[in-house]
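# the amino acid sequence is not available; the structure is as follows:
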């Protein structure tokens, strides 16, 4: 089956792209392998999205889905396995193969996102939104006045620790080795911050608490001693995994696997656009993902309107 535009990923970027593409009169198929809303839907509370003082990520995602469905966007819960482009025919369409079907499209918007790396310790999934977070920008304000911990030794972890220290009396930053891996400027700021305590050479062994996080148990890798830290919030910053395998032959990826695109979100393959957390960018928020989706959709429409069929 042919669609003008196929969008892969139903997070905020993909949903926004669907809305803009459909409003431009294009036929649109939105493919999502798991659930609508992406990481946004996992946020227990969002307080930095314009128009809402407070709203859960699930509710915001539901509202977006309702809006694009009302516009006539078609949905399928399918995993994209491969994408190719026919460069030999006059009409250079894309072929999208999923785990169930094969589709044709004039343009593709890849908005599959990036998943936070999990630490894979028991109770982690159960406590997401109840003490376990992967985004200090999103959730840090919920722990104002509380002691918190950060796990990770790169720039993101260092930035989280500094940001959290503005509203928390104490921030533990727990790292695997003796030294941080982040930039020297950030390392120095963390060391000189009296609210931040560095806990080196440790690996997380357990989350304490059943319904809500009550603390963390670490093991010192040198002494094997157990260390318990009583905190109500922990921010895990050990990296992200962009979901770009299916476009690795069509888009240029950086060393971490993120898609490289121009500001108009065009990749090295004409007709393939990227949006949201799967691409190289400095700020990863719901608002910036929606901005990406809108730009990608309008650029895809412009591409279709001007190509020679």
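Nice, thanks for sending it over. Note that the structure is a prediction, hence the values are computed from the model and not measured.
# residue 193 - how many residues pack around it?
16 (other Cβ atoms under 10 Å). Just so you know, the C-beta spots here come from the backbone N, C-alpha and C atoms, and that holds for glycine as well.
# go ahead and confirm it touches residue 163.
No - contact criterion Cβ atoms under 8 Å: residue 193 and residue 163 do not qualify, at 10.9 Å.
# which strands border the longest strand along the chain, and is each parallel or antiparallel?
As assigned by DSSP state E, the longest strand anywhere in the chain is strand 102-110. With DSSP bridges as the test, strand 102-110 is paired with strand 2-8 (parallel), strand 94-98 (antiparallel), strand 272-274 (parallel).
# list the contacts of that strand.
With contacts defined as Cβ atoms under 8 Å, 6 or more residues apart in numbering, strand 102-110 is touched by 1-9, 14, 17, 21, 29, 83, 93-96, 244, 246-247, 251, 259, 271-275, 278, 293, 296-297, 300, 303-304, 307.
# nearest residue to residue 107 other than its sequence neighbours?
Of all residues not flanking residue 107 in the chain, residue 300 sits nearest, at 4.2 Å (Cβ to Cβ, 6 or more residues apart in numbering).
# got the contact list for the one you found?
Residue 300 sits next to 5, 17, 21, 26, 107, 108, 109, 271, 273 when contact means Cβ under 8 Å, 6+ apart.
# the helices in the protein, which residues?
In the chain, the segments counted as helices under DSSP state H are 12-23, 57-70, 136-139, 155-164, 184-191, 286-306.
# ok, back up a step: what would the strands paired with strand 102-110 look like in TSV with mean neighbour count and mean pLDDT?
Output for the strands paired with strand 102-110, formatted as TSV (neighbours: other Cβ atoms under 10 Å; pLDDT from 0 to 100):
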stretch	mean neighbour count	mean pLDDT
strand 2-8	25	97
strand 94-98	19	96
strand 272-274	29	97
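# now for those, which one comes closest to residue 55?
Among these, strand 2-8 comes nearest to residue 55, with 23.4 Å by Cβ to Cβ.
# from the chain's centroid, how far away is that closest one?
For strand 2-8, the distance from its own C-alpha centre to the chain's C-alpha centre is 22 Å (Cα atoms, centre = their mean, to the nearest Å).
# contacting residues around residue 83?
94, 95, 96, 97, 108, 110, 246, 247, 250, 272.
# re earlier: relative to residue 181, which of the strands paired with strand 102-110 is closest?
Here strand 272-274 is closest among the strands paired with strand 102-110 (Cβ to Cβ), at 27.0 Å.
# show me what contacts the residue nearest to residue 62 when sequence neighbours are not counted?
Excluding its sequence neighbours, the residue lying closest to residue 62 (Cβ to Cβ, 6+ apart) is residue 37, at 7.5 Å. Residues near residue 37 by Cβ under 8 Å, 6+ apart: 10, 11, 12, 15, 57, 58, 60, 61, 62, 64, 65.
# kind regards, and thank you for your time.
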